[in-house]
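Engineer: the following block contains a protein sequence and its predicted model.
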Amino acid sequence: MKTWTLTAFLLLASFFSLTAFGLPERVGDFALLDSDGEFHQLSRYRHKDFLVVMAVDSSCENLPEQLAILNRVEKEWTANGVSFATVNADGTESFAVIKEIKKSLGIRQSFLVDAGQIVSATLKLGHAGEVVVLDPHRLTVLYRGPISELGSVLTDAVSEPIRATRALPMEGCDLSFSRRDLLAETAPDYAKEVAPIIVEQCASCHREGGIGPFSMDSHLMLKGWSPMIREVLVTKRMPPTQVDPEIGHFLNARYLPTDQLETLVAWIDAGSPRGTSAEDPLAHLTFKDRRDWQLGEPDYIIKAPKMEIPATGVLDYIDVNVDLPFDEDKWVKSVQFIAGDESVLHHLLAYVTGPNENFDGGESDRSSVARRFLEGYAPGKTDAMTFPEDTGVYIPKGHKLSMQFHFTTNGKSTIDQTVLGLYLYDEPPKYENFTRAVVGNFRIPPFERDYKVAAAYTFNEDVIVSGLRAHMHFRGKDMKFSAEMPDGTITDLLSVPSYSYAWQPTYQLAEPAMLKAGTKVHVTGTFDNSEFNPANPDPSKELRFGLQSWDEMFMGYWTYHSAEGLNQSD
């Protein structure tokens with residue numbers, strides 16, 4: 001009894017101690033692009049002690065003075081474990097306008113683009129020039145208030161941990177959150193506003209038997225998963241395959257419009273209410289049979305071998321060669337993959353290879369190689385792929401199909417037998433489709449957080465580029481594709497600012513790029529081999545080229561065809 005009383009007393013004393021002193025406010029992880037297309041995520045700043053963010057409204061007269069103070073504090077503290085950034089808390093979304101504001105105001109710091117003001121509202125920013133001091137290790141707010149007190153706050157934070165969020169009164173230009181305030185007054189309606197977004201953006205993967213980790217098939221499921229849904233939205237993990245919207249335009253890039261993002265976050269923040277509708281739209285949602293042939297019966301069907309996938313563990317890649325029975329040359333117009341079990345098939349790549357050629361095809365020891373890439377399968381990719389008009393993949397007589405399978409276990413053993421359907425041309429098309437790998441050399445030191453790699457190749461003929469694909473492994477951080485024209489001008493074609501090994505599709509250009517002979521294409525990127533990369537399996541390892549996912553690769557794939565017409569060289 002005495003022991004229990006003492007324990008209870010200690011717990012009670014601890015509770016009142018925490019209550020008296022308070023605790024720093026927790027803030028969810030978030031991610032934003034800046035005006036230069038760089039990706040910033042709070043939790044990825046753990047190599048720093050603090051992150052300081054200042055709200056910017058270009059119409060505020062006092063802003064230049066506040067920025068001058070920020071610059072002075074940054075000069076003093078940037079070498080002492082503190083990073084600094086600004087955020088367009090006024091709701092401006094145009095990258096062009098934000099770049100001009102940054103230039104006109106002389107902002108040196110990263111200028112974060114806060115679509116929908118969701119992060120600004122989450123940080124409770126109320127005035128232009130207001131700053132917050134964030135702890136990226138604990139995802140907390142240590143200070144919120146005028147920039148005039150920033151220096152003393154940082155001094156205190158270094159000398160002794162801040163036990164509670166300091167919030168000081170702030171005067172000056174008020175920030176307007178009219179759209180957020182309106183959504184807060186009346187929560188979005190689940191049936192009329194929320195469910196249609198889920199149907200359009202999420203449910204094709206988040207369904208029974210789909211690649212998503214849970215099904216979005218009812219209000220109850222959405223409500224239960226709503227904290228995670230909010231997190232993956234504001235950290236830009238979902239929707240997947242997001243690229244810099246200011247560079248290139250792609251048919252298969254997944255962008256969530258700002259109004260839809262605002263609606264989902266506001267609904268979750270309101271408690272994910274069910275609403276008054278008697279019907280649940282998600283409960284009645286149906287999907288086409290994923291095993292149906294979308295373009296009719298294929299001309300030729302390839303069945304991969306049955307493969308047993310265990311419930312747990314890490315699986316090596318599986319390379320499979322399939323002999324083709326064609327007694328003459330063939331041209332592929334369209335292809336459809338039907339995954340045997342899409343909940344475990346992470347990705348599949350298929351190449352047309354010669355009798356003595358293996359799956360590698362030369363990428364491991366050559367800086368550039370062009371190959372006949374049939375197509376690839378990735379999570380959520382269920383549609384048949386048709387090559388650009390009058391182009392196709394050439395299968396010379398006697399060639400085979402080489403496929404590489406990557407499976408991820410999900411806690412349940414299963415069997416996968418993936419099927420491919422080939423749709424063939426009756427007559428050869430005008431252009432042959434190729435995919436060229438532009439490969440970079442590297443030797444990444446242990447614990448290196450920001451290792452740059454570059455690769456280049458010069459086309460000696462006029463080509464038309466229709467697709468681009470970035471490929472790295474777990475340490476991949478970002479990758480960019482650009483073309484240096486013969487006259488010296490450089491055009492950026494694709495930027496993947498937050499590379500994810502889990503999502504690496506071929507981005508199909510809405511308007512193919514015409515590159516003249518002599519154009520030098522560049523692929524640049526960054527690796528993060530530090531302990532601050534949450535995907536890194538072993539930051540102590542020095543990394544070179546390797547086929548396994550725990551090794552590394554640096555390949556930029558360019559899908560193209562010659563502008564001159566057929567080139568059927570084997």
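Structural biologist: Done, it's in.
Engineer: bridged to residue 322, which residues?
Structural biologist: Beta bridges link residue 322 to residue 401, judged by DSSP bridges.
Engineer: cool, and the one 10 residues further on?
Structural biologist: According to DSSP bridges, residue 393, residue 424 are recorded as the beta-bridge partners of residue 332.
Engineer: where does the chain dip in pLDDT?
Structural biologist: Of all residues in the chain, those with pLDDT under 70 make up the ranges 1-22, 361-362, 365, 379-381, 566-570.
Engineer: any idea where the helices of it begin and end?
Structural biologist: Under the criterion DSSP state H, helices of the chain are mapped to 2-21, 63-77, 95-105, 118-122, 150-159, 178-185, 195-201, 219-234, 258-269.
Engineer: show me which of those helices has the highest average neighbour count.
Structural biologist: The highest average neighbour count among the helices of the chain, using mean count of other Cβ atoms under 10 Å, belongs to helix 118-122 at a mean of 22. Every C-beta, even on glycine, is put in place using the N, C-alpha and C of the backbone.
Engineer: residues making contact with it?
Structural biologist: Contact with helix 118-122 is made by 27-28, 30, 32, 55, 87, 89, 112, 114, 175, 177, 180, 234, 261-262, 265, as judged by Cβ atoms under 8 Å, 6 or more residues apart in numbering.
Engineer: residue 301: which of those is nearest?
Structural biologist: residue 261 (41.0 Å; Cβ to Cβ).
Engineer: tell me if I'm right that the closest one and residue 117 touch.
Structural biologist: No. In terms of Cβ atoms under 8 Å, residue 261 does not count as a neighbour of residue 117; the distance is 10.7 Å.
Engineer: return the distance of residue 341 relative to residue 210.
Structural biologist: The gap separating residue 341 from residue 210 is 11 Å, by Cβ to Cβ, to the nearest Å.
Engineer: right, I mislabeled it, should have said residue 450
Structural biologist: For residue 450, the distance to residue 210 - Cβ to Cβ - is 36 Å.
Engineer: ok, how many other residues are close to residue 132?
Structural biologist: 24 (other Cβ atoms under 10 Å).
Engineer: for residue 275, see how far away it is.
Structural biologist: 34 Å.
Engineer: quickly list the domain ranges of the protein.
Structural biologist: 23-176, 185-284, 288-429, 430-570 (automatic domain parsing).
Engineer: quick check: residue 343 vs residue 219, distance?
Structural biologist: 23 Å.
Engineer: same question but for residue 499, I mixed them up
Structural biologist: 34 Å.
Engineer: now do residue 447
Structural biologist: 46 Å.
Engineer: likewise for residue 405?
Structural biologist: Residue 405 is 37 Å from residue 219, by Cβ to Cβ.
Engineer: kindly report the same for residue 104.
Structural biologist: Counting by Cβ to Cβ, the gap from residue 104 to residue 219 is 47 Å.
Engineer: the helices of the chain: which one's closest to residue 388?
Structural biologist: Smallest distance to residue 388 across the helices of the chain (Cβ to Cβ): 26.2 Å, for helix 195-201.
Engineer: and the contacts of the closest one?
Structural biologist: So helix 195-201 is in contact with 206, 216, 219, 222, 239, 254, 256, 260, 263-264, 280-282, 285, going by Cβ under 8 Å, 6+ apart.
Engineer: from the residues you listed, which two are the most distant?
Structural biologist: 254 and 280 (25.1 Å).
Engineer: those two: which is more packed in?
Structural biologist: residue 280 (18 against 15).
Engineer: contacts only, for that one.
Structural biologist: 191, 195, 218, 219.
Engineer: now it: how far from residue 190?
Structural biologist: Noted for residue 280: a distance of 8 Å to residue 190, by Cβ to Cβ.
Engineer: what of residue 407?
Structural biologist: 36 Å.
Engineer: and residue 450 and residue 210? which has more neighbours close in?
Structural biologist: Using other Cβ under 10 Å, the more surrounded residue of residue 450 and residue 210 is residue 210, with 21 against 11.
Engineer: between the contacts of residue 280, which is nearest residue 562?
Structural biologist: residue 195 (47.4 Å).
Engineer: kindly export stretch 528-544 (C-alpha atoms) in CSV.
Structural biologist: Taking Å, rounded to 0.1, in the frame of the first residue of the first chain, the C-alpha atoms of stretch 528-544 are listed here in CSV:
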residue,chain,number,x,y,z
ASP,A,528,21.4,11.6,-48.8
ASN,A,529,23.4,8.8,-47.1
SER,A,530,23.0,10.3,-43.6
GLU,A,531,21.3,9.1,-40.5
PHE,A,532,18.7,11.8,-41.1
ASN,A,533,17.3,10.0,-44.2
PRO,A,534,14.5,7.9,-42.8
ALA,A,535,14.7,5.5,-45.8
ASN,A,536,18.5,4.8,-45.3
PRO,A,537,19.2,1.2,-44.3
ASP,A,538,22.8,1.8,-43.3
PRO,A,539,24.4,5.3,-43.3
SER,A,540,27.8,3.9,-42.3
LYS,A,541,28.2,2.2,-45.7
GLU,A,542,30.2,3.6,-48.5
LEU,A,543,28.1,3.3,-51.7
ARG,A,544,29.0,2.4,-55.2
